[in-house]
Structures are given as C-alpha cells and as structure tokens.
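[1] what's the 3D shape of this:
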Amino acid sequence: MPDTTGSERDRLPFWLIATYGSLSAASTGMVVYAAMNGDSLFAAAGLLGLIVSLACAPVAVMARRRSALGAATGASSGGFSELAQAIRELNESGTLSDDARRVLNRKRERELLRGAIEEDVSAGDFDAALVLVRELAESFGYRADAEEFRQRIESARFESAESEITGAIEGLDRMITQLRWREAEQEAARITRLYPDSPRVDGMRHRVSSARERYKNELERRFLTAAQDERVDEAMGLLRELDGYLTEAEAEPFQELARGVIGKARENLGVQFKLAVQDKRWRDATTAGEQIISEFPNSRMAAEIRGMIDTIRERAAALR
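    Sure thing, here's the model as predicted:
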C-alpha cells in the first residue's frame, strides 16, 4: 500500500489556504447579504468572519512558504508542525520592541540621522539639528559623531549670527546717514533684543543718540557761520532744520540772532517782490509774494501782498 502520509502532510498548507479562502468568501457574502436585506445578525457574523480571516492571512502565507521550501529540499514535516512554526515566527516578528528593531537597523538609522542633521545645518535650523544630535548620542551611542556635529553646529550658528549682526549694524548706519532718527532708534532697540549675548550690539542706542547730537552741533555751527557772513538764505534754511533738534531751552541762546536772520530774509524777499513788480516780471513777483505769505504770514508785508497776489497771478498766467 503506497505511503501517502508524507504527501498529505505536504498538501496540508494548501488545504489551510483553501479553508481560509472559503471563510473569506463566505464572510464577504454574509456582509453583502446583510447590507441588502438589513439583517444585523448576518452582518455581525460576516464581519466576525472577515476579522478572523484577515487575522489568519499572515499564518496561511507563512505556512505556504514553509511548505514550498520543504518540497524543494525534499524535507517533509507534519502539517500541523509547520502551522505551529509559522505561528511562532509571526508572533516573534510581531512582538519585537521598538528598541530591538532599532538595534537591528542601527547602521541605516545612523546614516538617516546624519543626513537629517546635515540638512538642518544647511538650512540654518540649528535647534532642530541639536535635537537630532542628542538622539544620535543617547539612543544610538554614537557620541563621537554627536560631539563632532555639536562643534560644527556651534561654529555655523556663530558665523550665521555674526553675519546677521553685521548686516543689521550696516542697515542702522544707513538710517543714521539718512537722518532717519526715529527709525534708527527703533532698529537699535530691535538689534539689542535679538542679539543680547553679543558684545557687538552693546551701546546701539547710544550710537544713535551720539550721531544725532553730533549732527545737531554741526547744524548750529553752520547756522552761526552763515548768519555771521550774512548768507541769509542759507542761514534761514539751517534755522528751519535746526528748529527740529533744539529744545526750548537750547533754542533760547539763538533767538536774537534768529530774529535778525529772519528780519533780513523778510526784507530781502520784500525787495525782490517790489523789484519784480516794478519790472513787470510777474512770475518772479508771484514766487516772491507767495514765499512771503508762507514764511511770514503775520507780517504787515504779507497782509499787503495778499491784496494784490491774485492780480499778479493772473498776469503771470497770461504770459504762458
């Protein structure tokens, strides 16, 4: 009588797979039937069958693989032994802890971490890079690699900060050169807040106030020189600008000289206006008259010019 025990055992995994397929088909059919007929009992049974079949899928696949391997090598074993071994292997691979998997993949994860650190450093995200460096040292034990990265990160952070500080100070100096004092004061405060640990930003606000004070002193000197040399128009322009820098107490020593300059400027404009009217240079007369009204609105001369300025403007317009 032929020995069919071994062949039957070899075919056991195929029987298992066939059973698994039947169970899946039956469960799916029950779910479809329940959905069409609204039968909750069939739906529950069908879903249970599907869950069981899905749970058994890895076991069936592993059993089939072990059966094929046994057939190829001529080895045969009991079908139930193969099934038990497949279940054990599935259980072992599924219960590996995260730490165990990490140990098995140390080399690959190390390279992934190094690559991620390099990307963060290149992007200037130094804090994120340091987090990964700690992971490299504490979780994987590559402390030499981690220390090397720390030194690189600190060097890159320092160079980046120095470059940013240099750019910020250059921008502040441009504001000072352009006499944008309020903006310069705000920028000095911002730089101080952003880089509190850098000695280069010490005294940023003093830098602005000192520059402003130097410019005010230069204005005073130029005004006094222009007034002394009777360069009335230049002195008047400097006096207007200086007015924005002086407090009431600081302006007091200049009041008498300023009144003299203002008086001479008014007289000069009056002379220019009268000569232009006499010579019928209506455009020049219009310009001088409007300037007197604008700069000396409360003077008697301005009141007189207001009475005739419209006629002068009409005559100037007729010349176009």
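
[2] wait, what's in contact with the residue lying closest to Arg200 once chain neighbours are set aside?
    Nearest non-adjacent residue to Arg200, counting by CB to CB, 6 or more residues apart in numbering: Ile165, 5.4 Å away. Placement of C-beta: from N, CA and C, glycine included. Residues in contact with Ile165 (CB atoms under 8 Å, 6 or more residues apart in numbering) are Ile191, Tyr195, Ser198, Arg200, Val201.

[3] got the buried residues for the host helix or strand of Ile165?
    Element membership for Ile165, per DSSP states H and E: helix 143-177. Buried residues in helix 143-177, counted by 16 or more other CB atoms under 10 Å: 145-146, 149, 152-153, 157, 161, 165, 168-169, 172, 175-176.

[4] try stretch 246-263
    Leu246, Phe254, Ala258, Val261, Ile262.

[5] give me the contact list for that stretch.
    Counting by CB under 8 Å, 6+ apart, Lys216, Glu220, Phe223, Leu224, Ala227, Val232, Ala235, Met236, Leu239, Leu242, Asp243, Phe296 sit against stretch 246-263.

[6] who wins on neighbours among those residues?
    Ranked by the number of neighbours (other CB atoms under 10 Å), the contacts of stretch 246-263 place Ala235 first, at 25 neighbours.

[7] dihedrals phi and psi, the residue nearest to it when sequence neighbours are not counted?
    Using CB to CB, 6+ apart and skipping residues adjacent in sequence, the residue nearest Ala235 is Ala226, 3.9 Å away. Here is the backbone geometry of Ala226 (degrees, to the nearest 10): phi -70, psi -40.

[8] now the helices for the stretch 51-200 of the chain?
    79-94, 98-104, 106-123, 126-138, 143-177, 181-194 (DSSP state H, counting those that start in this stretch).

[9] and the ones you listed as TSV, adding distance to Thr286?
    Shown next, in TSV, are the helices of the stretch 51-200 of the chain (distance: least, CB to CB, whole Å):
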stretch	distance to Thr286
helix 79-94	98
helix 98-104	89
helix 106-123	64
helix 126-138	66
helix 143-177	37
helix 181-194	36
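
[10] in a markdown table: these, plus distance to Gly270 and mean pLDDT.
    Shown next, in a markdown table, are those (distance: least, CB to CB, whole Å; pLDDT from 0 to 100):
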| stretch | distance to Gly270 | mean pLDDT |
| --- | --- | --- |
| helix 79-94 | 104 | 56 |
| helix 98-104 | 94 | 56 |
| helix 106-123 | 69 | 80 |
| helix 126-138 | 70 | 83 |
| helix 143-177 | 38 | 90 |
| helix 181-194 | 36 | 95 |
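
[11] and of the buried residues of helix 143-177, the nearest to Leu112?
    Asp145 (12.9 Å; CB to CB).

[12] thought the closest one was touching Leu132?
    No: checked against CB atoms under 8 Å, the pair Asp145 and Leu132 is beyond contact range at 11.0 Å.

[13] which of the three states applies to Lys280?
    coil (DSSP: H, G, I helix; E, B strand; the rest coil).

[14] could you number the chain from 29 rather than 1 from now on?
    Happy to do that; since the first residue is 29 now, the last one works out to Lys308.

[15] who are the contact partners of it?
    Arg343.

[16] one step back: can I get the contacts of Ile193 in JSON lines including neighbour count and distance to Ala313?
    Listed next are the contacts of Ile193 as JSON lines, based on neighbours: other CB atoms under 10 Å; distance: CB to CB, whole Å:
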{"residue": "Ile219", "neighbour count": "22", "distance to Ala313": "53"}
{"residue": "Tyr223", "neighbour count": "18", "distance to Ala313": "59"}
{"residue": "Ser226", "neighbour count": "15", "distance to Ala313": "61"}
{"residue": "Arg228", "neighbour count": "14", "distance to Ala313": "58"}
{"residue": "Val229", "neighbour count": "20", "distance to Ala313": "57"}
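
[17] tell me the one of those residues nearest Gly152?
    Nearest member of the contacts of Ile193 to Gly152, counting by CB to CB, is Tyr223, at 15.3 Å.

[18] do you know how far that closest one is from Gly199?
    14 Å (CB to CB, to the nearest Å).

[19] and for Met329?
    47 Å.

[20] Leu285 now?
    Taking CB to CB, one finds Leu285 at 38 Å from Gly199.

[21] then Arg180?
    29 Å.

[22] ok, Ser150 next?
    From Ser150 to Gly199 the distance is 25 Å (CB to CB).

[23] how many neighbours does Leu303 have?
    Leu303: 13 neighbours (other CB under 10 Å).

[24] same question, the one 3 residues further on
    Counted by other CB under 10 Å, the residues lying close to Gln306 total 9.

[25] over to the one 4 residues further on?
    Neighbourhood size, Trp310 [other CB under 10 Å]: 19.

[26] for it, give me its contacts.
    Counting by CB under 8 Å, 6+ apart, Trp310 has contacts Ala304, Ile340, Arg341, Arg343, Ala344, Leu347.
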